[in-house]
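In: kindly generate the corresponding structure for this input.
(chains A and B)
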Amino acid sequence: MIKNQLTVLVLSVALLFTSCNNDDDDSNPVPLGDYENGLLISHEGNFGQGNASVSFASYDLTVVENNIYNAVNSSLLGDTAQSIGFYDDLAYIVLNVSNKIEVVDRYTFVSVATIDTGLNNPRHIAFANGKGYVTNWGDGSVATDDYVAVIDVTTNTISAQTIAVEEGPEKLVANGNTVYVAHQGGYSQNNIISVINAATDVVSTTVTVGDVPNSLQLDTDGDLWVLAGGTPSWTGSETGGKLSKIDSSDYSVTSIDFAGTEHPSFLVFETGTLYYYLSGSVYKMNEDATTLPSAAEITGLNFYGMSINDSVLYGVDAVDFTSNGILTAYDLSSNTLVNSATVNIIPGGVYFN
Amino acid sequence: MIRIVLCFLLLCFYSVAKAQTSTDSIQRLDEVVLSDVKLKRYNQGYKLTVLNDSILRKNGNSLTDVLRFNSNIYFKENGYGMVSSASFRGTNASQTAVIWNGININSQLNGQVDFNTISAANYNAISIRSGGGSVQYGSGAIGGSVHLSNELDFTTHINHRLQLGYGSYDTENASYNLSFGNSKWSGNVGVSYVRTENDYRILGTDEKNENGAFNNLDLNLNLGYVLSQKDVLKIYHQNFRSDRAFSSTLLAPSNSKYETEDYRSMLEWAHVSENFTSSLKAVHLLEQFKYFENKDLNNYSIGQAKTWLIKHNYMRNLSNNMTLSVITDYSYITAEGNSYVDPKRNAFSATALLNHQFSSRFRYNLNVRKDVISDFKSPLVFAGDLSYRIAEPYTLKFNASKNFRVPTFNDLYWHPGGNLDLEPEESFQFDLGHQLEILKSFQIKLNMFYIETSDLIQWRPNTETNYWNPVNIANAKHYGLEVELGYSKQINAHHVNLVTAYSYTETEDVEKNQPLYYVPLHKGNTAVSYNFKSFTAYYQHLFTGEVDIIGGSLDGYDVGNLGCSYVLNTAGKLNYILDLKVNNIYNTYYENVALRPMPNRNFNIKLTLKF
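Out: Next comes the predicted model:
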């Protein structure tokens, strides 16, 4: 199985190398690696099936190379690649079901280290004060064992000390020495942001936001935007989404509510404008707006993740979760399709390298 | 004295004619003593493979192992001893029905049977019926059905069998079987236990199979009482308890475990009259699982389903060569657990089976069934099969059927996601078989099959609700060829026996225009045994071809087992049998499910006492 896959991979990688080199002819600086200047797509793969992967794509999606970790390192990446975080020249790939983090050179994808102790259901990673912060659910069925693990990035080992937090820490973002952790709630629902002081590694305060906060963005002033999806209807206590702005100086919150059955996600901040995804459409609003936009920018989508770079929206479609996923690019100045490409099973995260 | 001799199902072919031409009620009582009369009487056009006692004892307690090495069925096993599901003629895990003494025991929760929660130790015979069987055996009998039979012997006897085994990975087996009977009473008791660390080395690495320990206990009690020359009362009871850690994959550690319990009880009253026989069964089934995400904590999710079933089978001889059975049953099923809000189901079914022996060479069956189920509409299903003996050694068989698989409680009521708008999966299929038998020492069976399934239920992500829903979405085609060959030869005191089977299975997911996952195109198995007086040696070989998996493929593999046994005392009443077995003698690395390696070469020693 693995051998066959690898043979094909090595062959296809060899082919792609040739085309990449041609593209790189006119760039003057010495290339840092084959995967510089493009997108990295993390794929969860199927839960328990060990087919997590990372793909590389050029910004115009004309060059796509799947399974780059496997190709470079001749080994399987792991099970359920939840997210990737970046620190200096390193990429930290968080593998949820494998309970590990693969650390690679972000441009060559050569493996640097594997962190496989001290993690239990790891989700996302962010960096502050020379340390990595990893959200962990602990056992999914236990509400009181959730924590943020701290990584010493000089040794890529987990510090003995962990930071206990409330149920379901998910995405996190760092601003200077402050780390904001969104508590989506794990298998349940939660509605808070934990604020961690990266100098002392303690939770300095928590801020209440909408139910099930699913994305965090920092604006140019360093204020935090939180998009909460709301509690899903199957729980029997459905609530709508909420977009909140947390002032970084006093943690005061201002919010705009979505309708009670609207569950937005994938908040992106791009030069004074906020974008989000709701029911197959992408909406945009000015950061100073006080009401939500009524019309969508792009409709008819099926995104499992999205990101924006240089006014181009990149979204990934996981299709039926057993077929290859689709990566699509839209020009946000005209809201037109630029290109699309086939990627691997269950793409989730879009990152810019 | 009423003398009732039970023949193994293997011989059913010969006895049908005999039973039909006789109106002697005592002889017909033979038949009602069988737990699964239909299997004997209405299946001449189907391929039936019977695994008798000597085969069942060669693969330990595991039904997965027994069937893997002795049938065309492919098993997806999540590491040795873990959850194991069948793919019969390329169909999915819920399209193989398992029939316990005539009763369908597929899980009401997920529609499947975990073949590692059935112990082969406590059954007299296991039969594999290939092809569609929904009319007779209900939901899920699409690829085929596996029949577990406990037989009652009304000859005067008391037999004990005690087995103690020890093997690699700290594996301990113990089983005890008691069978007794006289002209009035008959009974058997079975206890079977296995416990293992199951920490086999993963070939090519320094790793071991982590978190794979398990223990299983199977209890069986069956009783029969002859009330009169026309009436027999029977009780069947089985209880299986399993406590298994869920083993890690190559890429994902595990600290979870799974506890299951199954209770199956049946009371049957069989009555024989001049022109008809009647059987009334009352059945209670209980299945329960507890899943512990972290085995060190007392935190678990639970699911449970209970079935109460009343089933009546009325069989009448319409003429000397024509028999009609009318079967009606009513069941009431409930489920409870963390993910259900107390769903209930009422189900009624009526079935008619007609058997006609047109001539001594030609017989056929026509079957029809209708289910009325409270939570969805169920199709009318029907089947026809025929057997035509063209010449003395050569018989042609054919069957065609429409079958169904009902949505499970998970499909309908799982919270969140359950979809009350589901309809049953359906299949149309046929099977053409040739059987050649030369001097009873050489048998060959050749079957060609075609199965078309529609409205297959699959769980798909729902972007509106953000959770998964089951939908009737997929269609599939399966077709292939099976060859089964048996040869036995005796020269003086030397006996040689060979059974070999090969299957070629093509499948297609019609929607995606690609083969189905986890279906080997080629699968073959061979068992050879040699016996000389007290000594027996045997070899089993399994070849499984490459299978497609999501986004890739799994390599094929060859696995062989070698064993020998010696009867230490053949003269007296007490027999000791010493049995040594080497599993996976070639030390093959193989996986049935991606990233879940199976055991390396391992050893087992077993002592059997018969008295």
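In: from now on I want contacts and neighbour counts done on CA atoms only, so please keep to that.
Out: Fine.
In: now B:Arg68, what are its backbone angles?
Out: Dihedral pair for B:Arg68: phi -60, psi -40, per degrees, to the nearest 10.
In: so it touches B:Tyr74, yeah?
Out: Yes. In this structure B:Arg68 lies within contact range of B:Tyr74 using Cα atoms under 8 Å: 6.4 Å.
In: could you pull out the strands for the stretch 251-400 of chain B?
Out: B:257-272, B:276-292, B:301-319, B:322-337, B:344-357, B:362-373, B:380-391, B:394-405 (DSSP state E, counting those that start in this stretch).
In: mean neighbour count added to the ones you listed, as a markdown table?
Out: Below are the strands of the stretch 251-400 of chain B laid out as a markdown table (neighbours: other Cα atoms under 10 Å in any protein chain shown):
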| stretch | mean neighbour count |
| --- | --- |
| strand B:257-272 | 20 |
| strand B:276-292 | 20 |
| strand B:301-319 | 18 |
| strand B:322-337 | 19 |
| strand B:344-357 | 19 |
| strand B:362-373 | 20 |
| strand B:380-391 | 19 |
| strand B:394-405 | 24 |
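In: need those in a markdown table (columns: mean pLDDT).
Out: Shown next, in a markdown table, are the strands of the stretch 251-400 of chain B (pLDDT from 0 to 100):
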| stretch | mean pLDDT |
| --- | --- |
| strand B:257-272 | 95 |
| strand B:276-292 | 95 |
| strand B:301-319 | 94 |
| strand B:322-337 | 94 |
| strand B:344-357 | 94 |
| strand B:362-373 | 94 |
| strand B:380-391 | 94 |
| strand B:394-405 | 95 |
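In: dump these into CSV; add distance to A:Thr205 as well.
Out: Putting the strands of the stretch 251-400 of chain B into CSV (distance: least, Cα to Cα, whole Å) gives the following:
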stretch, distance to A:Thr205
strand B:257-272, 37
strand B:276-292, 34
strand B:301-319, 33
strand B:322-337, 38
strand B:344-357, 48
strand B:362-373, 56
strand B:380-391, 64
strand B:394-405, 55
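In: what parts of the stretch 201-350 of chain A come near chain B?
Out: The stretch 201-350 of chain A has residues A:232-235, A:279-280, A:302, A:320-324, A:344-345 near chain B, with proximity defined as Cα under 8 Å from any Cα of the partner chain.
In: which stretches of the chain have low pLDDT?
Out: No chain in the question, so chain A it is. A:1-29 (pLDDT under 70).
In: think we crossed wires, I meant chain B
Out: Scanning chain B with the threshold set as pLDDT under 70 gives B:1-33, B:570.
In: do that again at 50, thanks
Out: Residue ranges of chain B with pLDDT under 50: B:1-26.
In: for it, what lies in contact range of chain A?
Out: B:249, B:251-253, B:293-294, B:299, B:415-416, B:460-461, B:463-465, B:550-555, B:594-595.
In: drop anything exposed from those.
Out: The neighbour count (16 or more other Cα atoms under 10 Å in any protein chain shown) marks B:249, B:251-253, B:293-294, B:416, B:460-461, B:550, B:553-555, B:594-595 as buried among the residues of chain B next to chain A.
In: what's the most distant pair in those residues?
Out: Greatest spacing in those, by Cα to Cα: B:Pro416 and B:Asp555 (36.7 Å).
In: can you count the residues close to whatever residue of the stretch 151-300 of chain A ends up closest to chain B?
Out: Proximity of the stretch 151-300 of chain A to chain B (Cα to the nearest Cα) peaks at A:Trp234, 5.8 Å away. A:Trp234 has 13 neighbours, counted by other Cα atoms under 10 Å in any protein chain shown.
In: ramachandran angles for it?
Out: Per-residue torsions, A:Trp234: phi -60, psi -20 (degrees, to the nearest 10).
In: and the gap between it and B:Asp153?
Out: Using Cα to Cα, to the nearest Å, one gets 55 Å for the distance from A:Trp234 to B:Asp153.
In: and if you look at B:Lys445?
Out: In this view, B:Lys445 and B:Asp153 are 30 Å apart by Cα to Cα.
In: which of these two has more neighbours?
Out: Under the neighbour definition other Cα under 10 Å, B:Lys445 and B:Asp153 were set side by side, and B:Asp153 has more, 26 against 21.
In: quick check, that one in contact with B:Gly181.
Out: Yes. B:Asp153 is within contact range of B:Gly181, at 6.1 Å (criterion: Cα under 8 Å).
In: next, show the common contact partners of these two.
Out: B:Gly187 (Cα atoms under 8 Å, 6 or more residues apart in numbering or on different chains).
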